[in-house]
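K.L.:
Pasted the sequence and its predicted model underneath.
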2 protein chains.
Amino acid sequence: MSQYEVSTLKKGLQILDLLQTKRFLTLKEISETLQLNKTTAFRLLHTLEDMEYINKFENYFELNTKKFHSVADHDTSIDWTTLRSPYLLARNTGENVYIGTFDGSDLVMRQVIKPPFDEPFTEEIGDRSPQHYTAIGKVILAFSDEDQQKEALSLLSSTPATDHTFVDPELLLYHLDVIKKQGFALDDEERFIGLRCLAAPVFMDNKVIAAVAIDGPVERMKRSMLRGLTNKVITASKDITAEINANYQI
Amino acid sequence: MSQYEVSTLKKGLQILDLLQTKRFLTLKEISETLQLNKTTAFRLLHTLEDMEYINKFENYFELNTKKFHSVADHDTSIDWTTLRSPYLLARNTGENVYIGTFDGSDLVMRQVIKPPFDEPFTEEIGDRSPQHYTAIGKVILAFSDEDQQKEALSLLSSTPATDHTFVDPELLLYHLDVIKKQGFALDDEERFIGLRCLAAPVFMDNKVIAAVAIDGPVERMKRSMLRGLTNKVITASKDITAEINANYQI
DNA sequence: CGCCAAGTTTCAAATAGTGAAACGGGAAGG
DNA sequence: CCTTCCCGTTTCACTATTTGAAACTTGGCG
């Protein structure tokens, strides 16, 4: 401990440091991580909020990005790892969350969230797979324009067939039509036995640009739970769309 | 005063707030501005520095931009208003400081610093004038390649002559040659009667991209002081070049 | 409906923060 | 070159703030 150290200020700054690595945390999580009394943590958070260094929403605390980044720093390249809504989806469902976008003929993971759902799971961000391979890819295709769908079909014949993969273009188009009508895609053990995946589209300027998905083992994602989980994924896809359109206007 | 407020943390955050508007300040300036005891300010600054929210250099304190901006946030568009060296030049000389760059046929002010030399003087940033009109423009031209010099000369005949302005292309070229040899440009009451201006070039990748200048009334910038001031401007131009090349690598 | 956990409020005790005074160093002026 | 002044740093004693336990409130889950 330095001779001139002000330990109260140091504790406050330690909270700021922590929130620079975790997207948002509860009072309890912060007090436990930093080994602070919960009343102490409560007061420090209250002061950080008053001074606009952090925001409180629901019972979570997050950094105030306006304080930490210039207002003029508007960047149209979306930072998928800092969006709040996917982390909320992960905490609300207890399942892994993914966001993918197309890049050429590939589907690219832009965000992956796994327990404890407070920071990006960077090991899988950037991973690539064929577009039509997963629920994420299919939901983006379902909401894409016809040209993009045709292009995807033309790629189909050149991609090796694998287990549980659509290879019939007519069947794929039919499936995409169903996905578009119902507003989401469900992989019911199609990619991996024992694993379910639910995906919904994310829009910008009325164009689909990404999809958000959760996955989990069939033991947790029982058929009886699918309706509730589907609603949560669709709500999250709308929240993400709103968050992007609020923060990334051109 | 809020019921749960932690006043010690608040004071520390007020220092951070202040340093978000002033490029750097002394202990005395901070304690006076925030009406803190200098010993209190001393301890708070010490803790902010230990926690890497601020840096201390010479007897100044500045925000640690690494803490406040993502490391990945590398932007090749130079933010002239946040460079440290021009503010140091202003404080060391007590004179106004300017940085200008060319934009087409114009000279544009990218940074202007006036008393109390702690934040940009935004009223004049963005101002435009013909390239060859000032010491800044001339020093950039002097270090530019021949194509750019020829283009400037071709513009000369289309610009109305004004007081104290070179209009003879041969004379201008001769003058540019002198500037290049001595490494700086001096306006000795050429733009305005009673005002002197010293400018030196700023480089990136061995190309001149800007010039830094000071100006002041002849009462303060006496002939006998010009050598010392010239050295300070040249040193600053090198410091700015180094700062840019350190922070804005492509 | 009851229980549990997290967040919030209150109060008393303890500790850290505070500020004055003194010291040291550097710069400026005579 | 010496003296003075100012800013930053160090020290010490006092005070005000911080702290944490206990109690209360609220919401969610079984």
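P.N.:
Cool, the structure landed. Computed from a predicted structure; not experimentally measured. Residues are numbered from 1 along each chain as shown, chains lettered A, B, ... in the order given.
K.L.:
so who does the closest residue to DNA strand D within chain A touch?
P.N.:
Closest residue of chain A to DNA strand D, Cβ to the nearest atom of the strand: residue A:37 (3.2 Å). All C-beta atoms are positioned from the backbone trio N, CA, C, and that covers glycine. Neighbouring residues of residue A:37 by Cβ atoms under 8 Å, 6 or more residues apart in numbering or on different chains: residue A:31.
K.L.:
What is the neighbour count of residue A:223?
P.N.:
9 (other Cβ atoms under 10 Å in any protein chain shown).
K.L.:
again, but for residue A:115
P.N.:
Neighbour number of residue A:115 under other Cβ under 10 Å is 11.
K.L.:
before we move on, what about residue A:84?
P.N.:
Per other Cβ under 10 Å, the neighbour tally for residue A:84 reads 16.
K.L.:
so what pLDDT did the residue of chain A closest to DNA strand D get?
P.N.:
Residue A:37 is assigned 94 on the pLDDT scale.
K.L.:
Residue A:33 too?
P.N.:
94.
K.L.:
what's the single longest helix in chain A?
P.N.:
In chain A, with assignment by DSSP state H, the single longest helix is helix A:226-247.
K.L.:
What residues does chain A have near DNA strand D?
P.N.:
Within reach of DNA strand D by Cβ under 7 Å from any atom of the strand, chain A has these residues: A:3-4, A:7-8, A:11, A:36-37, A:39-40, A:43-44.
K.L.:
Type out the PyMOL command that picks the buried ones from those.
P.N.:
Buried residues within the residues of chain A next to DNA strand D, by 16 or more other Cβ atoms under 10 Å in any protein chain shown, are selected in PyMOL with:
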select buried, chain A and resi 8+11+36+43+44
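K.L.:
what helix or strand is the closest residue to residue A:82 other than its chain neighbours on?
P.N.:
Computed as Cβ to Cβ, 6 or more residues apart in numbering or on different chains, the closest residue to residue A:82 that is not its neighbour in sequence is residue A:23, at 6.9 Å. For residue A:23, there is no host helix or strand (DSSP states H and E).
K.L.:
Just want the phi and psi numbers for residue A:23.
P.N.:
Backbone torsions for residue A:23, taken as degrees, to the nearest 10, come to phi -60, psi -50.
K.L.:
correct me, but it touches residue A:87?
P.N.:
Yes - checked against Cβ atoms under 8 Å, the pair residue A:23 and residue A:87 is within contact range at 4.7 Å.
K.L.:
Which helix or strand contains residue A:44?
P.N.:
Residue A:44 belongs to helix A:38-50, assigned by DSSP H and E.
K.L.:
got the contact list for the helix or strand that that helix is followed by?
P.N.:
Downstream of helix A:38-50, the next assigned helix or strand under DSSP H and E is strand A:54-57. In this structure, residues lying in contact with strand A:54-57 by Cβ under 8 Å, 6+ apart are A:15-16, A:19, A:24, A:45, A:48-49, A:61-64, A:84.
K.L.:
So which of the residues you listed reach chain B?
P.N.:
Under the cut-off given by Cβ under 8 Å from any Cβ of the partner chain, chain B has residue A:48 from the contacts of strand A:54-57 close to it.
K.L.:
got the residue ranges for the helices in chain A?
P.N.:
Under DSSP H, chain A gives helices at A:7-19, A:27-33, A:38-50, A:65-68, A:84-93, A:135-142, A:146-156, A:169-182, A:226-247.
K.L.:
distance of the most centrally placed residue in chain A from DNA strand C?
P.N.:
The centroid of chain A falls nearest to residue A:86 when counting by Cα atoms, centre = their mean (3.3 Å). As for residue A:86, its distance to DNA strand C is 20 Å (criterion: Cβ to the nearest atom of the strand, to the nearest Å).
K.L.:
For stretch A:237-250, output the C-alpha coordinates as CSV.
P.N.:
C-alpha atoms of stretch A:237-250 as CSV (Å, rounded to 0.1, in the frame of the first residue of the first chain):
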residue,chain,number,x,y,z
SER,A,237,-33.3,-10.0,-31.9
LYS,A,238,-35.6,-6.9,-31.7
ASP,A,239,-33.6,-5.4,-28.8
ILE,A,240,-30.4,-5.9,-30.7
THR,A,241,-31.9,-4.3,-33.8
ALA,A,242,-33.0,-1.3,-31.7
GLU,A,243,-29.6,-1.0,-30.0
ILE,A,244,-27.7,-1.1,-33.3
ASN,A,245,-30.1,1.4,-34.9
ALA,A,246,-29.7,3.7,-31.9
ASN,A,247,-25.9,3.6,-31.7
TYR,A,248,-24.8,3.1,-35.3
GLN,A,249,-26.7,5.6,-37.4
ILE,A,250,-25.0,6.6,-40.6
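K.L.:
And residue A:91, how close does it get to residue A:48?
P.N.:
According to Cβ to Cβ, to the nearest Å, residue A:91 stands 21 Å off from residue A:48.
K.L.:
Pull out the buried residues from the longest helix of chain A.
P.N.:
A:229-230, A:232-234, A:236-241, A:243-244.
K.L.:
to the chain's geometric centre, what's the distance from it?
P.N.:
10 Å (Cα atoms, centre = their mean, to the nearest Å).
K.L.:
Report the helix or strand with the lowest average pLDDT across chain A.
P.N.:
Using mean pLDDT, DSSP states H and E, helix A:65-68 stands out as the lowest-scoring helix or strand of chain A, at a mean of 75.
K.L.:
ok, which residues in chain A are in contact with chain B?
P.N.:
Near chain B, when you scan chain A using Cβ under 8 Å from any Cβ, you find A:2, A:4-6, A:8-14, A:17, A:42-44, A:46-48, A:50-51, A:53, A:68-70, A:73.
K.L.:
Mind checking which of those residues are buried?
P.N.:
A:6, A:8-14, A:43-44, A:46-48, A:50-51, A:53, A:68-69.
K.L.:
So which of the residues you listed reach DNA strand C?
P.N.:
Restricting these to those adjacent to DNA strand C (criterion: Cβ under 7 Å from any atom of the strand) gives A:6, A:8-9.
K.L.:
Which pLDDT value goes with residue A:106?
P.N.:
pLDDT at residue A:106 comes out at 84.
K.L.:
er, residue A:206 I mean
P.N.:
For residue A:206, pLDDT reads 87.
K.L.:
How much space separates it from residue A:221?
P.N.:
Counting by Cβ to Cβ - residue A:206 and residue A:221 are separated by 31 Å.
K.L.:
Who has more neighbours out of those two?
P.N.:
Taking neighbours as other Cβ under 10 Å, residue A:206 and residue A:221 compare with residue A:221 leading, 21 against 6.
K.L.:
who's in contact with the more buried one?
P.N.:
By Cβ under 8 Å, 6+ apart, the neighbours of residue A:221 are A:95, A:196, A:198, A:215, A:229.
K.L.:
let's go with 7 Å and repeat that
P.N.:
By Cβ atoms under 7 Å, 6 or more residues apart in numbering or on different chains, the contact set of residue A:221 is A:196, A:229.
K.L.:
Okay, angle between the longest helix of chain A and helix A:135-142 too, please.
P.N.:
60 degrees (axes from the mean of the first three to the mean of the last three Cα atoms, to 10 degrees).
K.L.:
Let me see the domain layout of chain A.
P.N.:
A:7-68, A:80-247 (automatic domain parsing).
K.L.:
Let me know which of those domains is the nearest to residue B:121.
P.N.:
Closest approach to residue B:121 among those is made by domain A:7-68 (24.3 Å; Cβ to Cβ).
K.L.:
For chain A, give me the ranges with low pLDDT.
P.N.:
Within chain A, the segments meeting pLDDT under 70 span A:1, A:68-76, A:131-132, A:156-167, A:191, A:249-250.
K.L.:
Right, I'll call it a day here.
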